[in-house]
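Undergrad: could you look at this predicted model? Sequence included:
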Amino acid sequence: MPSHHQDYTLEGVGPCLRLVNADELLPVLTAAMPGWPLMPCAAQTQSPEICVWRHPQGYWQEAPALPEGALLDSAVGTACSVIADAAGAYFYRHPELVGLHCGSVEINGQLVIFPDTYRAGKSTLTAAFAAAGQRVFGDDVLALNKQGEGIALGVAPRLRLPLPDAMSLEFRQFVQTHLGPQDARYGYLRLDNTQLASHGQRCPLGAILLIDRDESLNEPQLTRLQPGDGLWQLLQQNFAEHESDQALIERFLPLLEGLPCFLLRYRDAFDAAQWLTKRWGSDTLESLAPASQPHCHTPDVIPALEPTDARQWQASEAAFEFPLGDELFVIAEEGGAIHRLNTTSRAVWALLNHEPLDLDSVSDTLAGFFAGAECEQVRHDMAQLLAQFYHAGLIKDVNA
């Protein structure tokens, strides 16, 4: 059949999409990214980096992330793939920004972001905040600038279909009223410009919200966490694959100092959105004391030191330190991986920075530091911690 193609440009990216015999895909894309409109442009001499062809079984797409191409069986699935590639192109062209995988909503002039966690339902919670009257900045991707502002891409929330029967009736009615393009698996919500921030709109970060869905709860629960919880989650949910962990933490730390972090546990997303909206900015949030939750930065499968180990350990001179609240993030060497130290491991790290110590000396010091702790348990824990430090390259045997 004769080939007809049209090229399109996106704000902040430029000419980036070519549709070949696939004009019917345009209204789906337009509805899925209403705040980031595709504008037709003159045919490019060189084919744009994202190309979509009509295919007897759906659509065929090629892009930098799909060098061998991919067959997509529906218009909605193709729109999702195109949007992901467009977001990647945007961050590639704007290295000054960090792209986060997170839901983001504006509440009382502040941006509340919730990083992606396994099966927590961030897209559903984002849509629930929209149903509760809050403006959405995104359910999957947010740009973050060095001023600590979130920048919307203008992409509508995408929900997995069908909605669970357990969802509240009011939320199900909202979705039914606002459901746009859909297939058997997903549907995009049609939100106006009061419900969805347009591309480039900015809002200062107000808090990081870690989320946990729990069917056993009768009402939502909110716990204030240590700042490091939010930093740790954000470091693992970003698009800046070209940057080292060290470069990322240097960019994130100034943004997170003083930024509160909470854990929201809930059964129903809409109830949780309404519940939190009513309390946001109130004295109730300010009065929440940070929870004291120990965290370990390295896996427990590393064998502990032998009880008779007599090596003298000292902190690596090449390590880089990044303090945040009561926690410390350490990088063993330039461009290396980040290791998160809680209060206990931070105390041991400080000791080994001061002078070389063996397992016995570290254990005796920590046993005295934690009054009432059982010496055998402290020794067991220190044998494990020193092994983890050694495995990570954070400490060395001074006699080696």
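TA: Structure received.

Undergrad: you'd agree Phe91 is in a strand?
TA: No. Counting by DSSP: H, G, I helix; E, B strand; the rest coil, Phe91 is located in no strand; its state is helix.

Undergrad: and Pro204, how close does it get to Ala184?
TA: Applying C-beta to C-beta, to the nearest Å, the value for Pro204 to Ala184 is 39 Å. For glycine as for every other residue, the C-beta is placed from the backbone atoms N, C-alpha and C.

Undergrad: wait, doesn't Ala132 sit right on Ala269?
TA: No. Ala132 lies out of contact with Ala269 (C-beta atoms under 8 Å); the separation is 9.6 Å.

Undergrad: more crowded one of these two?
TA: Shown here are Ala132 and Ala269; by other C-beta atoms under 10 Å, Ala269 has more neighbours (27 against 22).

Undergrad: quick one, phi psi at that one?
TA: phi -60, psi -40 (degrees, to the nearest 10).

Undergrad: ok, now how distant is it from Gln110?
TA: With C-beta to C-beta as the criterion, Ala269 and Gln110 are 20 Å apart.

Undergrad: Val330 now?
TA: Val330 sits 31 Å away from Gln110, going by C-beta to C-beta.

Undergrad: quick one: which of those two has more around it?
TA: Val330 (24 against 15).

Undergrad: show me what contacts the more buried one?
TA: Val330 makes contact with Ala319, Phe320, Glu321, Phe322, Ile338, His339, Leu341, Trp349, Leu394 under the criterion C-beta atoms under 8 Å, 6 or more residues apart in numbering.

Undergrad: mind pulling up the pLDDT for the last one?
TA: Okay, so that is Leu394. What the model reports as pLDDT for Leu394 is 89.

Undergrad: what do you get for the fifth one?
TA: Reading off the confidence values, Ile338 has pLDDT 71.

Undergrad: Ala132 versus that one, what's the distance?
TA: Separation of Ile338 from Ala132 (C-beta to C-beta): 35 Å.

Undergrad: pLDDT on stretch 192-203, on average?
TA: 96.

Undergrad: repeat that for stretch 150-170.
TA: Computed over stretch 150-170, the average pLDDT equals 94.

Undergrad: mind starting the numbering at 45 from now?
TA: Taking 45 as the first residue, the last one we looked at is stretch 194-214.

Undergrad: of the contacts of Val374, grab the buried ones for PyMOL.
TA: To isolate the buried members of those in PyMOL, using 16 or more other C-beta atoms under 10 Å:
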select buried, resi 363+364+366+382+383+385+393+438
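
Undergrad: which of the contacts of Val374 sits closest to Asp117?
TA: Ile382 (39.6 Å; C-beta to C-beta).

Undergrad: wait, isn't the closest one in contact with Leu372?
TA: No. If you go by C-beta under 8 Å, Ile382 and Leu372 don't touch, sitting 10.6 Å apart.

Undergrad: all strands of the stretch 95-244 of the chain, in order?
TA: 102-107, 110-116, 142-151, 154-159, 179-182, 185-188, 193-195, 202-204, 223-226, 230-233 (DSSP state E, counting those that start in this stretch).

Undergrad: what's the closest of the ones you listed to Lys322?
TA: Closest of the strands of the stretch 95-244 of the chain to Lys322 is strand 142-151, at 10.3 Å (criterion: C-beta to C-beta).

Undergrad: and of the strands of the stretch 95-244 of the chain, who's closest to Leu349?
TA: The nearest among the strands of the stretch 95-244 of the chain, by C-beta to C-beta, is strand 154-159 at 34.5 Å.

Undergrad: quick one, domains of this structure?
TA: What automatic domain parsing lists as the domains of the chain is 49-137, 142-330, 357-441.

Undergrad: put the alpha carbons of stretch 302-314 into CSV.
TA: Taking Å, rounded to 0.1, in the frame of the first residue of the first chain, the C-alpha atoms of stretch 302-314 are listed here in CSV:
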residue,chain,number,x,y,z
GLY,A,302,14.8,19.5,55.5
LEU,A,303,12.3,17.7,53.2
PRO,A,304,10.0,15.5,55.3
CYS,A,305,9.6,11.9,54.4
PHE,A,306,6.5,9.8,55.4
LEU,A,307,5.2,6.3,55.1
LEU,A,308,1.5,6.1,54.1
ARG,A,309,-0.1,2.7,54.7
TYR,A,310,-3.7,2.3,53.4
ARG,A,311,-6.2,-0.2,52.2
ASP,A,312,-8.2,2.0,49.7
ALA,A,313,-6.4,4.5,47.6
PHE,A,314,-9.3,7.0,47.4
